[in-house]
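Chemist: From the sequence below, what's the structure:
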Amino acid sequence: MSEDIPNQPTTAAGGRQANPNFTSAAKLAKRCEQYFIHIAGEWHTEEVTETLKNGTTETNPTTVYDREPEPPTITGLALFLGFESRAALYAAQYPPEQQAVIRRAITRVENAYELALFGSKATSAVFALKNMGWNDKHLADLSAKDATPTNPVVTVITSAQPLARSEKEVDV
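Modeler: The predicted structure follows:
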């Protein structure tokens, strides 16, 4: 079915890649949604019969993938929409309502990376998010009057009792 095949790139005058032509925000949104459905993979359910220790059998449905799921990526989204590259997706000039659709699709990819941070192998997600503008550095507040990048002013505010300097100062 032709709707399942990603848009083929078109060439503008001068041999340069043209942006895929989406006539409306609704058509672009539908195409973006098709990408997220596509990466979910294709599967069917089969009944699997197991013999239990007591000799009886049990039949359970099992999901069998015909096409494995893929993680969402910006490059995958760009190619699926018909762009020649990730950079072309970011540089595309569309009306504001279509730009909003593209930003939302990119945010869905970013959300998948963010959710991966909670897994046991978050390194690649951290790398991807840094490339998407995220930052894991602690930024110093240089708004104080005497602060400079090499001499930040740090104010420590405590609401607890000061720490004891020795065991003799601790009330038991």
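
Chemist: following the host helix or strand of residue 106, which helix or strand comes up?
Modeler: Assigned by DSSP states H and E, residue 106 belongs to helix 96-116. Using DSSP H and E, the helix or strand that directly follows helix 96-116 along the chain is helix 123-131.

Chemist: Residue 58 belongs to a strand, doesn't it?
Modeler: Yes: counting by DSSP: H, G, I helix; E, B strand; the rest coil, residue 58 is found in a strand.

Chemist: pretty sure it is touching residue 48, no?
Modeler: No: using C-beta atoms under 8 Å, residue 58 is not in contact with residue 48; the gap is 9.2 Å. Using the backbone N, CA and C atoms, a C-beta is placed for each residue, glycine as well.

Chemist: With adjacent residues omitted, what lies nearest to residue 25?
Modeler: residue 97 (4.0 Å; C-beta to C-beta, 6 or more residues apart in numbering).

Chemist: How many residues are close by that neighbour?
Modeler: For residue 97, the number of neighbouring residues by other C-beta atoms under 10 Å comes to 12.

Chemist: ok, now the one 5 residues further on?
Modeler: Here the number of neighbours of residue 102 (other C-beta under 10 Å) works out to 21.

Chemist: likewise residue 74?
Modeler: Using other C-beta under 10 Å: residue 74 sits among 18 other residues.

Chemist: contacting residues around it?
Modeler: Shown in contact with residue 74 (C-beta atoms under 8 Å, 6 or more residues apart in numbering): 86, 89, 106, 109, 132.

Chemist: And residue 63, by the same measure?
Modeler: By C-beta under 8 Å, 6+ apart, residue 63 lies in contact with 43-45.

Chemist: repeat that for 10 Å
Modeler: By C-beta atoms under 10 Å, 6 or more residues apart in numbering, residue 63 lies in contact with 41, 43-46.
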